[in-house]
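Asker: Give me the fold of what follows.
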Amino acid sequence: MNAPNHALSAILIALLALLASGLLPAQESPANLSEAWYVTVKPGHQAAFETAFKEHARVRNDHGDPRSWDVFTPITGENLYVYGIRTCCFSWPDQDAYDQWNRDNAAVMEHWSSEVDPHVEHYGHYFYETDSANSHWTDNGEPVRLVGVTEFYPAPGHSADFTAARTELSQVAIEQGWTEGGHRWAWLNRIGGKPVTILAVAYSNYAAMNPQDPSFYEFLSDHLGADRANALMKQLSGSTRGSKYSIWAHRADLTAAE
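Answerer: Take a look at the predicted model:
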């Protein structure tokens with residue numbers, strides 16, 4: 001090993017030692033995480049599940065749950081017995097604090113186990129990391145009643161191409177005024193399971209899902225030119241091994257305080 005490489009190795013070893021010992025200055029953790037539970041209900045148990053879930057929401061509220069939860073149900077697809085229960089936005093240290101809250105309030109999960117779980121057939125659990133820089137999910141005064149969800153499955157070895165394309169597309173949308181039409185979207189990377197990147201688009205009603213004039217492709221072409229717009233769209237689709245689209249309804253009735 002020559003001298004420069006030996007010196008570099010020594011620096012890397014010292015840096016790793018600092019990381020392991022926690023002596024480096026702490027970096028503030030971004031609050032860009034969300035948590036989602038996917039609860040599949042037994043056939044014929046939906047009404048009973050929803051009644052029990054509403055009561056559970058009240059129990060959580062009475063115990064001072066520091067997080068607010070939103071419930072979504074699919075209105076397209078093959079499995080319509082699933083409830084997506086989601087909370088946002090927090091950091092990893094926040095998750096430690098929430099785990100402690102759960103331990104300090106064991107009665108909350110005891111209520112779920114005794115009253116809600118008997119109606120459940122299957123659970124799925126994931127964390128998601130929001131790509132905040134390329135998302136635009138703001139409160140524009142319109143309620144979020146529907147969410148269009150596109151799941152992209154990056155092709156092996158093409159994640160960088162996919163990320164580059166979605167970044168350029170999103171930055172054009174943000175910088176050139178696509179947001180002014182009330183458009184709200186978020187990019188999320190799933191943590192757990194096979195790699196999945198999600199594009200979630202908010203709608204206030206079904207009418208808002210009508211084709212836009214101009215379309216996003218036309219918007220891109222106006223600002224980038226047709227050749228670059230085509231290249232970006234091909235890069236995005238060509239760096240995935242497939243995608244799936246679904247529409248979910250926001251079920252505010254299941255978490256509303258009564």
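Asker: which residues of the stretch 51-200 of the chain fall in helices?
Answerer: 92-104, 106-111, 159-175 (DSSP state H, counting those that start in this stretch).
Asker: Would you point to the one among those that's packed deepest?
Answerer: Highest mean neighbour count among these (mean count of other CB atoms under 10 Å): helix 159-175, with a mean of 17. In this view, the C-beta of every residue, glycine as well, is placed from N, C-alpha and C.
Asker: So for that one, mean pLDDT?
Answerer: For helix 159-175, mean pLDDT is 96.
Asker: How far does that helix sit from its chain's centre?
Answerer: 17 Å (CA atoms, centre = their mean, to the nearest Å).
Asker: got a list of contacts for it?
Answerer: 131, 133-136, 152, 154-155, 178-179, 183, 185, 187, 195, 197, 199, 216, 219-220, 223-224, 232, 235-236, 238-240 (CB atoms under 8 Å, 6 or more residues apart in numbering).
Asker: Now that we have these, which of them are buried?
Answerer: For the contacts of helix 159-175, a neighbour count by 16 or more other CB atoms under 10 Å gives the buried set as 131, 134-136, 152, 154, 178, 183, 185, 187, 197, 199, 216, 219-220, 224, 232, 235-236, 239-240.
Asker: tell me the contacts of residue 228?
Answerer: residue 220.
Asker: Could you measure from it over to residue 213?
Answerer: The gap separating residue 228 from residue 213 is 21 Å, by CB to CB, to the nearest Å.
Asker: Equivalent analysis for residue 113, please.
Answerer: Distance of residue 113 to residue 213, given as CB to CB: 51 Å.
Asker: do residue 34 as well
Answerer: 32 Å.
Asker: So between the two, which is more surrounded?
Answerer: It is residue 34, of residue 34 and residue 213, that has more neighbours when counted by other CB atoms under 10 Å, with 19 against 6.
Asker: if I've got this straight, the more buried one is in a strand?
Answerer: Yes. Looking at residue 34 with DSSP: H, G, I helix; E, B strand; the rest coil, it is inside a strand.
Asker: Not counting residues beside it along the chain, what's closest to it?
Answerer: Using CB to CB, 6 or more residues apart in numbering and skipping the chain neighbours, the partner closest in space to residue 34 is residue 88 (3.7 Å).
Asker: For that neighbour, give me its contacts.
Answerer: Counting by CB under 8 Å, 6+ apart, residue 88 has contacts 33-35, 130.
Asker: Would you check which pair of the residues you listed lies furthest apart?
Answerer: 35 and 130 (11.8 Å; CB to CB).
Asker: so how far is residue 227 from residue 162?
Answerer: 20 Å.
Asker: same question but for residue 108, I mixed them up
Answerer: 56 Å.
Asker: again with residue 203
Answerer: Using CB to CB, one obtains 31 Å as the distance from residue 203 to residue 227.
Asker: Counting neighbours around each, name which of those two comes out higher.
Answerer: residue 203 (21 against 9).
Asker: can you give me phi and psi for the more buried one?
Answerer: phi -140, psi 140 (degrees, to the nearest 10).
Asker: Tell me the bridge partners for the residue found closest to it once you drop the neighbours it is linked to in the chain.
Answerer: Nearest non-adjacent residue to residue 203, counting by CB to CB, 6+ apart: residue 146, 4.2 Å away. Residue 146 has these beta-bridge partners by DSSP bridges: residue 203, residue 249.
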